[in-house]
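[1] requesting a structural model of the entry that follows:
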Amino acid sequence: MRSKEEVATVLELVRAGLNDCEIARRTGISRGTIRGWRIGRVPNFERARAICPVCAGNPLALRQAPYTYLLGLYLGDGCLAAHPRDVYRLRISCASAYPELIRRCEQAITEVLPVKVIKTGRQGCFEVYSFSKHWICLFPQHGPGRKHERRIELTAWQQDLVDADPRPLLRGLLHSDGCRVLNWVNGTPYPRYHFSNASPDIRAIFGRACDALGIEWRPHNARNLSVARRESVALLDAFVGPKR
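    Numbering: from 1, shown residues only. All right, here's what the predicted structure looks like:
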């Protein structure tokens, strides 16, 4: 979502007689967007504030549990893609073996923003996606390249939402890139959780959320973290739930 200041700057350059190409060069805003503003299709900032707390300057007004759960899904198996007119598509990949996870993903999206959700089936998975100008506001971790090839940090307001209750974030991370397994020792099964992600920053986000809840974890290998102590597994079992 472009700011009022950007719109005002572009319209001032339009009044000065500059063409769309020159304005785009000076401002970094696409020619299509500038062309729309030139003919009067400017953003409705009042409506934007009504549906996007970040645009309203009050991100802590977001619904905490749906947002941080969706944040976990995004960090694990999600991405944003830019489309014309400053619209972004949020896309979450969900294995088709887990229809309840797909339903939870759809529900979280609609509870965060009042948008239409679309499902597309592919071999072995569904892509759950939605279009909005505000996904870039809500997931500022978006950037060029794969997430594990660039720095991933939570903003201060995102961290505040996570700190209020880290459990939905952990649920989202484990539902996207985690699993609960049984480790057999001398014929006795011992449950444990694994979280696997190529990004060291995302693994660190997982670890900090566990630390906040007193859940003990340790590196299992280069890309995997493990929660194996009985008390910590029980803490995760209390709110993560089965992946189904």
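[2] for the chain, which segments are assigned as helices?
    Taking DSSP state H as the test, the helices found in the chain are 4-15, 20-27, 31-38, 45-51, 64-77, 99-112, 135-138, 156-164, 167-177, 200-212, 230-237.
[3] hmm, which helix or strand of this structure has the shakiest average pLDDT?
    One helix or strand of the chain scores below all others by mean pLDDT, DSSP states H and E: helix 45-51, with a mean of 58.
[4] excluding sequence neighbours, find me the nearest residue to residue 165.
    Spatial nearest neighbour of residue 165, chain neighbours left out: residue 64 (6.3 Å); criterion: C-beta to C-beta, 6 or more residues apart in numbering. To be clear about C-beta, it is placed using only N, CA and C from the backbone, and glycine gets the same treatment.
[5] which pLDDT value goes with the one you found?
    The predicted local confidence for residue 64 comes out at a pLDDT of 96.
[6] tell me which residues touch it, please.
    Under the criterion of C-beta atoms under 8 Å, 6 or more residues apart in numbering, the neighbours of residue 64 are 161, 164, 165, 168.
[7] what of residue 147?
    In this structure, residue 147 makes contact with 75, 79, 141, 198, 199, 202, judged by C-beta under 8 Å, 6+ apart.
[8] give me the nearest residue to the fifth one, chain neighbours excluded.
    If I follow you right, that is residue 199. In this structure, residue 199 finds its nearest non-sequential neighbour in residue 148, 3.9 Å apart by C-beta to C-beta, 6+ apart.
[9] quick check, pLDDT for the residue sitting furthest away from the middle of the chain.
    Relative to the mean C-alpha coordinate of the chain, counting by C-alpha atoms, centre = their mean, the farthest residue is residue 186 (41.2 Å). At residue 186, the model reports a pLDDT of 84.
[10] cool, residue 42 as well?
    At residue 42 the predicted local distance difference test score is 66.
[11] can you give me phi and psi for the spatially closest residue to residue 229 that is not a sequence neighbour?
    Closest residue to residue 229 in three dimensions, ignoring its sequence neighbours and counting by C-beta to C-beta, 6+ apart: residue 216, at 4.9 Å. Backbone dihedrals for residue 216, given as degrees, to the nearest 10, come out at phi -80, psi 130.
[12] residue numbering should commence at 11 henceforth.
    In the new count, where the first residue is 11, that last one comes out as residue 226.
[13] so what's residue 226 up against?
    Taking C-beta under 8 Å, 6+ apart, we find residue 226 in contact with 220, 237, 239, 241, 242.
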